[in-house]
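**Student:** task: produce atomic coordinates for the following.
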Amino acid sequence: MKNHFLSILMVSIFLSSMFLNISAGEFQNELPVDGAGKEPKVLIIGIDGVRGDVAEMAAQNNDSAFGRIKENGAWSFNSDVGPYSISGPGWSSMLTGVWCDRHGVVDNSFEGSRHSSVPDIFELVENHDSNLRTAAVYWWGPIGEEILSEDSVDVLENFGNDELVRDRAVELLTNDEELDVLLVSIDTPDAAGHHYGFSPEVSEYVAAVNAANDMATEIMDALEQRNMSDENWIIIITSDHGGGGRFLQQHYPSGPIDRSTLMLVHGGATVAGEMTNEPVVVDVVVTALAHLEIPLPEGDHALDGRTSAFTPSASPARQPTCEEPAFYLRVDDVIGIVFGVLSLAVISYLVFRHKRRS
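**Tutor:** Below is the predicted model of the structure:
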């Protein structure tokens, strides 16, 4: 009897152990992986006028926003802003996900703009779910005056300097528990570039990029201190153009150096490492919408960008065909006229001297 009882007891313990192990395994499989079951949210930090090579220099600071994302996220310091390295088309492409041949902006005059019919990221979010809370804080006026609209952004605020923009972004991330999408626009590098020159050799410009990196770091710190137990944030940092190509203090006429900038992405389905799939500025909206689980427009309304940070094998974005900016025509015309006048003056002088000697 005793042996029979012990046998039954041992079998019971064995079966109970198997049951517990199976249950534990099933429970572990149901645990949410990174971001699963959490509310997707988006932080976009656009920094005006950041050259890709100078951004890479700033990323050497491992404790900074640039450095952290280079270490842990998807990154490129050779992201392309499209055919025209001007703020108007650059920010328009960044915030609509389509190129200048569709949004119509080719310079800072916004003449020919089709923003009234081409939706920006906030309109796409609003049309999908008006309950999602959105905010955009910026310095450069046309972002709020020409590109975005109060009708689709819950908080749309313009400030007189980057420090105020940063402070407001930190405040929103700290206190607004319902916030879903935040755009922050920083302008310091562009102002320094126009004043001193866009170049890794210009200390004032390098310092301005580092200052913008510091501001982005403070904003990221505020996000990290937020209660994110039920939130899954993606961070995208990019720029509207580089600079210092043909002219040290300008970012035209859209040579490779003027068009090349940074693309840093962290969170969500990001595949860490260098993006070698030709990231472009129109990828921002597509990446954000995909993370927010908002269906992408299809057919004639399909966006031009890709989820380049999520899909290393993404095919290159289409090449746009845009009208020539009037600004470029004016610059080239002026250069041509000046050259022509000087040439004519030199020829006239030589002819005059020749006649006198005769």
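**Student:** need phi/psi at Ile45.
**Tutor:** Note on Ile45: its backbone torsions stand at phi -110, psi 110 [degrees, to the nearest 10].
**Student:** that one touches Ile219, doesn't it?
**Tutor:** Yes: Ile45 is within contact range of Ile219, at 6.4 Å (criterion: C-beta atoms under 8 Å). All C-beta spots, glycine's among them, are computed from the backbone N, C-alpha and C.
**Student:** what is in contact with those two at once?
**Tutor:** Ala65, Val184 (C-beta atoms under 8 Å, 6 or more residues apart in numbering).
**Student:** in the strand or helix carrying Asp167, which residues are buried?
**Tutor:** Under the criterion of DSSP states H and E, Asp167 resides in helix 162-175. For helix 162-175, burial by neighbour count (16 or more other C-beta atoms under 10 Å) applies to Asp162, Val165, Arg166, Asp167, Arg168, Ala169, Val170, Leu172, Leu173.
**Student:** from those residues, pick the one nearest Phe110.
**Tutor:** Distance to Phe110 across those (C-beta to C-beta) is lowest for Val165, with 21.6 Å.
**Student:** what sits against that closest one?
**Tutor:** Neighbour list for Val165: Val137, Tyr138, Trp139, Phe159, Val184, Ser185, Ile186, Met215 [criterion: C-beta under 8 Å, 6+ apart].
**Student:** and the last one, which helix or strand is it part of?
**Tutor:** Read that as Met215. With DSSP H and E as the test, Met215 turns up in helix 203-224.
**Student:** mind listing what's buried in that helix?
**Tutor:** The neighbour-count check on helix 203-224 (16+ other C-beta under 10 Å) flags 205-206, 208-217, 219-220, 222-223 as buried.
**Student:** which neighbours does the helix or strand just after it have in its sheet, and in what orientation?
**Tutor:** Proceeding N to C from helix 203-224, the next assigned helix or strand is strand 231-238, under DSSP H and E. Strand 231-238 pairs in its sheet with strand 39-47 (parallel), strand 260-266 (antiparallel), by DSSP bridges.
**Student:** quick one: the contacts of Val165 as CSV, columns for distance to Asp63, pLDDT and secondary structure too.
**Tutor:** Below are the contacts of Val165 laid out as CSV (distance: C-beta to C-beta, whole Å; pLDDT from 0 to 100; DSSP: H, G, I helix; E, B strand; the rest coil):
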residue, distance to Asp63, pLDDT, secondary structure
Val137, 24, 98, strand
Tyr138, 26, 98, strand
Trp139, 25, 97, coil
Phe159, 26, 98, coil
Val184, 20, 98, strand
Ser185, 23, 98, strand
Ile186, 19, 98, strand
Met215, 14, 98, helix
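**Student:** quick check: of those residues, which lies closest to Gln319?
**Tutor:** Ser185 (26.8 Å).
**Student:** partners of the nearest residue to the closest one once chain neighbours are set aside in the sheet?
**Tutor:** Distances taken as C-beta to C-beta, 6 or more residues apart in numbering place Tyr138 nearest to Ser185, at 3.6 Å, with adjacent residues excluded. Beta-bridge pairing of Tyr138 under DSSP bridges involves Asn158.
**Student:** my read: Tyr138 touches Leu183, true?
**Tutor:** Yes: Tyr138 lies in contact with Leu183 (C-beta under 8 Å); the separation is 7.4 Å.
**Student:** who has more neighbours out of these two?
**Tutor:** Leu183 (28 against 25; other C-beta atoms under 10 Å).
**Student:** which residues does the helix or strand harbouring that one contact?
**Tutor:** Element membership for Leu183 (DSSP H and E) is strand 179-186. Identification of contacts with strand 179-186 by C-beta under 8 Å, 6+ apart yields 39, 41-48, 91, 95, 121-122, 125, 132-140, 143, 162, 165-166, 169, 172-173, 212, 215-216, 219, 288, 292.
**Student:** kindly export that strand (C-alpha atoms) in CSV.
**Tutor:** Extracted in CSV, the C-alpha atoms of strand 179-186 (Å, rounded to 0.1, in the frame of the first residue of the first chain):
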residue,chain,number,x,y,z
LEU,A,179,-0.2,63.8,-26.4
ASP,A,180,0.1,61.5,-29.4
VAL,A,181,2.1,63.4,-32.0
LEU,A,182,4.5,66.2,-31.4
LEU,A,183,6.5,68.2,-34.0
VAL,A,184,9.4,70.4,-32.8
SER,A,185,11.1,72.7,-35.2
ILE,A,186,14.6,74.1,-34.3
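**Student:** ok now that strand, how far from the chain's centre?
**Tutor:** 11 Å (C-alpha atoms, centre = their mean, to the nearest Å).
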